[in-house]
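# structure of the sequence below:
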Amino acid sequence: MLEEVERWLATRSWSVTDRPLHQILAAKQRTGQSVSVVLPALNEEETVGDIVAVIRQDLVEQVPLVDEIVVVDSGSTDRTSAVAAAAGARVVHRDGILPRVPAVPGKGEVLWRSLLVTRGDVICFIDADLREFSSDFVTGIVGPLLTEPDVQLVKAMYDRPLGGAAGQGGRVTELMARPLLNMHWPRLAGFVQPLGGEYAARRSLLEQLPFPVGYGVELGMLVDALHLVGLDALAQVDVGVRKHRHQDGQALGRMAAAIYRTAQLRLARGHLVRPLLTQFERGEEGFEPRTYSVDTEERPPMTEIAEYAARKVA
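So this is what the prediction gives:
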């Protein structure tokens, strides 16, 4: 590990207990910054309501830390929107945001569009499939942004149990993302959960970043933020344990391909052929191929979007 990363781990890796809630609230009041929490959601009716309810009760009603909770529904066919609204979130449908740009499927697409329908100076992203959710996830990653003026982006780190066994990184993290970062961007090797979906950042940073439309968004954001603001502007906070729904092996394969492609684009920008990934499923006549396109499209920095610029003027 680079000496710079060892120093970073000692100075930019914290625990949620390092910043008591009263300290975070005092910093928010002193600086006048507002906080938006965004949950990207696709068919998450079983969990999204509980997450929204905890954030609303702990960080809106009991203490005024969060100014808005926004669920961006990316085309759910279940009751995700209704459950989220009943729990107290403002629900916005992906296709209703920036309609002149046709939406494409993908998590990064939803996060990018969320910048247009939120107002916070600090934006906190939380995945909508978490179970046994604690508001520590929010206070942990928002806290450094309110108390440390030099910090621009904060990732959550946590244990991720799988099948009852303790563990840290997820499977795609350990088999794809961590090797890529260590080999090509070793200054990012200190992140425990580089692909984690729980992180917060200043709007002033997010609006300058391109957003891969799919699963590559977290890796792309880390790499681009490193180049834009430097390692010392990035941080991570230990928030405990993360429990969520696990994907099957083939879904993880598609995620890994998208993440690899995101890294590829950043290693060699240019006009590259859209790649495909073929996987196999057993059918009536043996193993049958299934071919998927791998996300390569990226949305430009939000500062380049006329509607966003007009909104800021208004």
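# only C-alpha atoms for contact and neighbour calcs from this point on.
OK.
# helix or strand right after the helix or strand of the chain with the lowest mean pLDDT?
When the helices and strands of the chain are scored by mean pLDDT, DSSP states H and E, strand 243-244 comes last with a mean of 70. Where DSSP states H and E defines the elements, the next helix or strand beyond strand 243-244 is helix 249-267.
# who touches that following helix?
171-172, 176-177, 180, 212, 214-217, 219-220, 277, 279, 292, 294-296 (C-alpha atoms under 8 Å, 6 or more residues apart in numbering).
# would you put the C-alpha positions of it in CSV?
Extracted C-alpha coordinates of helix 249-267, given in CSV (Å, rounded to 0.1, in the frame of the first residue of the first chain):
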residue,chain,number,x,y,z
GLY,A,249,-24.3,-15.1,-9.7
GLN,A,250,-25.4,-14.1,-13.2
ALA,A,251,-26.6,-10.7,-12.1
LEU,A,252,-23.2,-10.2,-10.4
GLY,A,253,-21.5,-11.1,-13.6
ARG,A,254,-23.4,-8.4,-15.4
MET,A,255,-22.5,-5.9,-12.7
ALA,A,256,-18.8,-6.9,-12.9
ALA,A,257,-18.8,-6.4,-16.6
ALA,A,258,-20.3,-2.9,-16.3
ILE,A,259,-17.7,-2.0,-13.6
TYR,A,260,-14.9,-3.3,-15.8
ARG,A,261,-16.1,-1.3,-18.7
THR,A,262,-16.4,1.8,-16.6
ALA,A,263,-12.7,1.3,-15.6
GLN,A,264,-11.8,0.7,-19.2
LEU,A,265,-13.3,4.0,-20.4
ARG,A,266,-11.4,5.9,-17.7
LEU,A,267,-8.1,4.2,-18.7
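# got the phi/psi numbers for Ala128?
Backbone torsions of Ala128, given as degrees, to the nearest 10, read phi -90, psi 10.
# drop anything exposed from the contacts of helix 249-267.
For the contacts of helix 249-267, a burial check counting by 16 or more other C-alpha atoms under 10 Å picks out 171-172, 176-177, 180, 212, 214-217, 219-220, 294-296.
# now, these that are in helices?
171-172, 180, 217, 219-220 (DSSP state H).
# could you identify the most distant pair in the residues you listed?
Across those, the longest distance by C-alpha to C-alpha is 18.2 Å; it joins Arg171 and Gly220.
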